[in-house]
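Asker: give me a 3D structure for the following:
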Amino acid sequence: MIMIYLSMLDTEEDKDVFIELHDAYSQAMYRIANGILRDSALAEDVVQESFIKIIKNFDKINKKRCPQTKSYFVNIVRTTSIDVYRKRKKQQDLSFDEFEETIADDFKDIDNLLEGMEIEKSLFQLPKSYYIILSLKYDDGYTYKEIASILDITEENVKKRLSRARNKLREILERQEVKI
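Answerer: Residues are numbered from 1 along each chain as shown. Below is the predicted model:
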């Protein structure tokens, strides 16, 4: 499959950089996709789809191994996995009971609101932009400044989005009649 990816790149330098980044992050991307989807074959498909998305925007990313590049790769695979999960859920009416582990455990500031599965349901109802910013802050532990750099927005915008994401999560939890 890597040969197909390489054929999509123009320069030898880009191909070399892509191989290095692919080798560095592909296993982590697979673990994330498999953790969300709980299906190894589907997780492999999501990782491949994510790499295609990355290649389409390869000229816009930092072409070295660093936390920002890793976060970019991880966020692409997360959002792609969530999209696939939501699509499958609509098609097959999947139950949340199929998950054995929860993403919610990683959100340390809000994990005492509910048991893991309830929070996970709520997180999957958030818009992608809110999910990503909460994930960067609470899952990956980035500062406002680092998040601003990753998302290419101002620190003030990061603070506002985080506030809106928390409020939206609170609204979802209240609709589910959960005491906060």
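Asker: give me the contacts around stretch 74-92.
Answerer: Under the criterion C-beta atoms under 8 Å, 6 or more residues apart in numbering, residues 25, 28-29, 32-33, 36-37, 42-43, 45-47, 49-50, 53-54, 94, 124, 128, 131-132, 135-136, 140 lie in contact with stretch 74-92. All C-beta spots, glycine's among them, are computed from the backbone N, C-alpha and C.
Asker: Produce a PyMOL select command limited to the buried residues of these.
Answerer: Command for PyMOL that selects the buried part of the contacts of stretch 74-92, burial taken from 16 or more other C-beta atoms under 10 Å:
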select buried, resi 25+29+32+33+36+37+42+43+46+47+49+50+54+124+131+132+135+136+140
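Asker: keep only those of the contacts of stretch 74-92 that are in strands.
Answerer: Secondary structure from DSSP state E places none of these in strands.
Asker: ok, the spatially most central residue of the chain to N34 distance?
Answerer: The chain has R78 as the residue nearest its centroid, 2.7 Å off, counting by C-alpha atoms, centre = their mean. R78 is 12 Å from N34, where distance means C-beta to C-beta, to the nearest Å.
Asker: repeat that for D23.
Answerer: Using C-beta to C-beta, D23 is found at 18 Å from N34.
Asker: out of the two, which sits in the more crowded spot?
Answerer: N34 (18 against 11; other C-beta atoms under 10 Å).
Asker: in space, what's closest to the more buried one - neighbours in sequence excluded?
Answerer: A43 (3.8 Å; C-beta to C-beta, 6 or more residues apart in numbering).
Asker: what does T154 give?
Answerer: The shortest distance from T154 to any non-neighbouring residue, by C-beta to C-beta, 6+ apart, is to A148 (5.9 Å).
Asker: which residues touch the one you found?
Answerer: 154-155, 157-158.
Asker: and which of those residues is nearest to T69?
Answerer: Closest to T69 out of the contacts of A148 is V158 (18.7 Å), distances taken as C-beta to C-beta.
Asker: how about that closest one, what does it touch?
Answerer: Listed by C-beta under 8 Å, 6+ apart, the contact set of V158 reads 133, 144, 147-148, 151.
Asker: if we use 6 Å, what do you get?
Answerer: The neighbours of V158, taking C-beta atoms under 6 Å, 6 or more residues apart in numbering as the test, are 144, 147-148.
Asker: before we move on, the earlier item: ok, of the contacts of A148, which come out buried?
Answerer: Here, 16+ other C-beta under 10 Å leaves V158 buried among these.
Asker: format the contacts of A148 as TSV; extra columns: secondary structure.
Answerer: Listed next are those as TSV, based on DSSP: H, G, I helix; E, B strand; the rest coil:
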residue	secondary structure
T154	coil
E155	helix
N157	helix
V158	helix
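Asker: I'd like to know which of the contacts of A148 is nearest to K70.
Answerer: V158 (18.4 Å).
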